[in-house]
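Chemist: sequence and predicted structure below; questions after.
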Amino acid sequence: MIALRVFTSVVVVLLGATATALAQGRGGGPPPTPRASAAIDLTGYWVSVITEDWQYRMMTPRKGDYGFVPMTPEARKIAEAWDSAADQAAGNQCKAFGAAAIMRVPGRLHITWQDDTTLKVETDAGSQTRLFSFGPRPTTLAAPSWQGVSTAQWERPPGPPNAPPSGGGLKVVTTNLRSGYLRWNGVPYSENAIVTEYFDVGALPGGGQVMVVTTVVEDPRYLFVPFILSSQFKKETDGAKWDPTPCSSTW
Amino acid sequence: MGSDAVLQHLVVPRTTVLALLAICALAVPCAYAQPELAGSWAPRGNEFTTGSGLPVDFTGMPLNEEGRLRALSYNESQLAMIERQCQGWPASYLVMGPFGLRIWSDLDPVRGAVQSWTIGAWEDKPSMTIWMDGRPHPSNYALHTRSGFTTGRWEGNTLVARTTHMKAGLLRRVGAPVSDRATMTTRLSRHGDILAVLVIIEDPDYLAEPWLISKTFQVSPVTVPPIGPPCISTFEGVDARASVPHYLPEKNPFVDEMTKQLGVPRDAVVGMPETLYPEYRKKLAPGKR
């Protein structure tokens, strides 16, 4: 009989938890805002750590050096015609600072909440601003831009509703882009490119935090297969090294 | 009272139990679930993680003075020595090598919980078992192996693994060294069919700061083999009885090769730590950036 009482107690507890969860999840109050329910904290200053593709990121590679980019023949033709001075003169000096490439540009990020549903990512390199909106994708779009329109959603492991955040990541999808460059030397992406990014944050051994941004660029016009990169950032304690510089295609 | 006796006293209609379990499953997941990592993963990174292929290229590496000295003394003919042909790579090669990953789990036969994850081997990289059962790392004086000893835990969607007890080896095939005191933290984050892997190497002997390197994999439609063919040594023309191929300090003939061919500054070629940060780009002369 003791066992039966124990079993009954467990059932009662489970039912109670279920009822609470149902109430909280369905009509027990407004759902928390994306800011309040953040799976990870991305806010702060982050500096890129250039441990990969050094010669492609810190320097402008020579025309024709397109290593590891799955370019279509049409893309190659455009890259062969790349002229940085012409870009600068035409006001296209931000072509290498667009959403498909900006996370790969050496520099710093300043990430803040613009409001409860919009995460703002500013870059000092090129002085760009990206807005990650957690709402639905807007039905009417403005003119295409370097940073396009980004919709975001938290990724988190399944768990009890309203449980405290237990880690996870951020997924961001960006479209409505102006065509730009994946690399300094004119490797193109088109205005139809779709950029999907995954943000992960974790502790660095010995202190500090690291952020990994995995970028997937899909652009059938200029890429045979998706172009996939992962870039690392370290968190900085403040903005002391924040150094905004304008876009430049000639440096 | 034994467990069988307890069960005999549980007189609850089966339908009631099933209904309760269904409600629980629908409304309150009884435990946090972790992403499935098992399967075959194809390499998808469109980036250089191993350098340019030139004989001296330590760009993107934070070598300390000793690491740099040792790296520049390295002669790739060492790999032709019979005793070094099969030395292989340390566990960190999983993000630097060109291969895919085959991952599987082993379960606790009683609880059904994942006891360990294993990342399969290649011809020149050992398999890595990540123990999830809370066992401690062995004594500092325990055997060091190519794969080392690894334990793991979940942080949200990310499997975080820590590896110790690795053998000394190379971080980059052109001679960037790693000591047997190095440790490695691996973070595996699954996003749909994408697996992002970050490796952080700490080495008090040869690195000035932790080295971060990442690579992306994607679910593979074909099976990635969990092991490579055996390595078989053979004479390749280097007689190690004479000497171990090497370069004396300041005598490496290839140290300026990358500067001449690609215009990369020497500080970056030899892995000065400050070259990993954006400020260094601003120091480059216009035209080099």
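Modeler: Here it is on my side, so go on. Residues are numbered from 1 along each chain as shown, chains lettered A, B, ... in the order given.

Chemist: touching, residue B:81 and residue B:237? I think so.
Modeler: No: here residue B:81 does not reach residue B:237: they are 10.0 Å apart, not a contact under C-beta atoms under 8 Å. From N, CA and C alone the C-beta is placed, and that goes for glycine too.

Chemist: sec struct for residue B:189, please.
Modeler: strand (DSSP: H, G, I helix; E, B strand; the rest coil).

Chemist: ok so, going back, of residue B:81 and residue B:237, who's got more company?
Modeler: Using other C-beta atoms under 10 Å in any protein chain shown, the more surrounded residue of residue B:81 and residue B:237 is residue B:81, with 17 against 6.

Chemist: what residues does residue 215 make contact with?
Modeler: Picked chain A for this. A:100, A:103-104, A:195-197, A:228-231 (C-beta atoms under 8 Å, 6 or more residues apart in numbering or on different chains).

Chemist: think we crossed wires, I meant chain B
Modeler: Neighbours of residue B:215 in contact, by C-beta under 8 Å, 6+ apart: A:230, B:43, B:45, B:47, B:49, B:94-96, B:197.

Chemist: with adjacent residues omitted, what lies nearest to the residue in the stretch 151-251 of chain A that chain B sits nearest to?
Modeler: The minimum distance from the stretch 151-251 of chain A to chain B, using C-beta to the nearest C-beta, falls at residue A:167 (1.9 Å). Distances taken as C-beta to C-beta, 6 or more residues apart in numbering or on different chains place residue B:156 nearest to residue A:167, at 1.9 Å, with adjacent residues excluded.

Chemist: quick check: phi and psi on that neighbour?
Modeler: The phi/psi pair for residue B:156 (degrees, to the nearest 10) reads phi 60, psi -120.

Chemist: that one - how many residues pack around it?
Modeler: 24.

Chemist: do residue B:38 as well
Modeler: By other C-beta under 10 Å, neighbour count at residue B:38 equals 12.

Chemist: residues touching it, list them.
Modeler: Residue B:38 touches B:103-105, B:117, counting by C-beta under 8 Å, 6+ apart.

Chemist: what about the chain, any weak spots by pLDDT?
Modeler: Just so you know, I chose chain A. Applying pLDDT under 70 to chain A flags residues A:1-28, A:158-166, A:251.

Chemist: try again with chain B
Modeler: Along chain B, segments meeting pLDDT under 70 span B:1-32, B:240, B:285-289.

Chemist: do you know how far the most centrally placed residue in it is from chain A?
Modeler: In chain B, the residue lying closest to the centroid (C-alpha atoms, centre = their mean) is residue B:92, at 2.9 Å. Using C-beta to the nearest C-beta, to the nearest Å, we find residue B:92 at a distance of 12 Å from chain A.

Chemist: what about the strands in the stretch 101-250 of chain A?
Modeler: If DSSP state E, counting those that start in this stretch is used as the criterion, the strands of the stretch 101-250 of chain A fall at A:108-115, A:118-123, A:125-126, A:129-133, A:149-155, A:169-175, A:180-181, A:188-189, A:194-203, A:209-218, A:227-236, A:245-246.

Chemist: and among those, the most buried is which?
Modeler: Highest mean neighbour count of those: strand A:188-189, a mean of 27 (counted as mean count of other C-beta atoms under 10 Å in any protein chain shown).

Chemist: list the contacts of that strand.
Modeler: A:75, A:78-79, A:98, A:100-101, A:177, A:179-182, A:217, A:219, A:222-223, A:227.

Chemist: mind doing that once more with 7 Å?
Modeler: The contact list for strand A:188-189 (C-beta atoms under 7 Å, 6 or more residues apart in numbering or on different chains) reads A:75, A:78-79, A:100, A:179-182, A:217, A:219, A:222.

Chemist: how far does it sit from its chain's centre?
Modeler: 18 Å (C-alpha atoms, centre = their mean, to the nearest Å).

Chemist: list the neighbouring strands of that strand plus their orientation.
Modeler: Neighbouring strands of strand A:188-189 in its sheet, by DSSP bridges, are strand A:180-181 (antiparallel).

Chemist: please state the offset of the strand it pairs with from the chain centre?
Modeler: 17 Å.

Chemist: over to stretch A:98-115?
Modeler: 8 Å.

Chemist: could you confirm whether stretch B:165-180 reaches chain A?
Modeler: No: using C-beta under 7 Å from any C-beta of the partner chain, stretch B:165-180 stays clear of chain A, coming no nearer than 10.8 Å.

Chemist: show me the contact partners of that stretch.
Modeler: B:50-51, B:55-58, B:61, B:63, B:67, B:70-71, B:74, B:76, B:87, B:89-92, B:138, B:142, B:144-146, B:148-149, B:182, B:184, B:201, B:203, B:205-206.

Chemist: rewinding a little: which of the contacts of residue B:215 fall within strands?
Modeler: Cross-referencing those against strands under DSSP state E gives A:230, B:43, B:197.

Chemist: and which of these is nearest residue A:205?
Modeler: residue B:197 (16.2 Å; C-beta to C-beta).

Chemist: so how far is residue A:224 from the closest one?
Modeler: 24 Å (C-beta to C-beta, to the nearest Å).

Chemist: top of the contacts of residue B:38 by number of neighbours, please.
Modeler: Result: residue B:103 is most packed of the contacts of residue B:38 (other C-beta under 10 Å), 23 neighbours.

Chemist: hmm, it is touching residue B:37, no?
Modeler: Yes: Residue B:103 lies in contact with residue B:37 (C-beta atoms under 7 Å); the separation is 5.0 Å.

Chemist: what is in contact with those two at once?
Modeler: Counting by C-beta under 7 Å, 6+ apart, the residues touching both residue B:103 and residue B:37 are residue B:117.

Chemist: now do stretch B:100-110: distance to the chain's middle.
Modeler: How far stretch B:100-110 lies from its chain's middle: 17 Å, per C-alpha atoms, centre = their mean.

Chemist: show residues contacting that stretch.
Modeler: B:37-43, B:94, B:113-120, B:217, B:220, B:224-226.

Chemist: and the residue of chain B closest to chain A?
Modeler: Closest point on chain B to chain A, by C-beta to the nearest C-beta, is residue B:156, at 1.9 Å.

Chemist: which residues are in contact with that residue?
Modeler: Per C-beta under 7 Å, 6+ apart, neighbours of residue B:156: A:39, A:156-157, A:166-168.

Chemist: distance check, it against residue A:213.
Modeler: 16 Å.

Chemist: for the stretch 101-250 of chain A, what lies in contact range of chain B?
Modeler: A:106-108, A:125, A:155-160, A:166-169, A:171, A:198, A:200, A:202, A:204-205, A:210, A:212, A:214, A:216, A:227-230, A:232.

Chemist: give me that answer again for 6 Å
Modeler: A:106-107, A:157-160, A:166-169, A:198, A:200, A:202, A:205, A:212, A:214, A:227-230, A:232 (C-beta under 6 Å from any C-beta of the partner chain).

Chemist: what subset of the contacts of stretch B:100-110 is buried?
Modeler: Buried subset of the contacts of stretch B:100-110 (neighbour count, 16 or more other C-beta atoms under 10 Å in any protein chain shown): B:37, B:40-43, B:94, B:114-120, B:217, B:220, B:224, B:226.

Chemist: still on that earlier bit, in strands, which of the contacts of stretch B:100-110 fall?
Modeler: Per DSSP E, the contacts of stretch B:100-110 map to strands at B:39-43, B:114-119, B:217.

Chemist: can I see the domain layout of chain A?
Modeler: When chain A is parsed with automatic domain parsing, its domains come out as A:1-30, A:37-246.

Chemist: picking that back up, please convert the contacts of residue B:156 to JSON lines, extending it with neighbour count.
Modeler: JSON lines is the format used below for the contacts of residue B:156 (neighbours: other C-beta atoms under 10 Å in any protein chain shown):
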{"residue": "A:39", "neighbour count": "21"}
{"residue": "A:156", "neighbour count": "20"}
{"residue": "A:157", "neighbour count": "19"}
{"residue": "A:166", "neighbour count": "15"}
{"residue": "A:167", "neighbour count": "20"}
{"residue": "A:168", "neighbour count": "22"}
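
Chemist: widest-spaced pair of those?
Modeler: A:39 and A:157 (9.0 Å).
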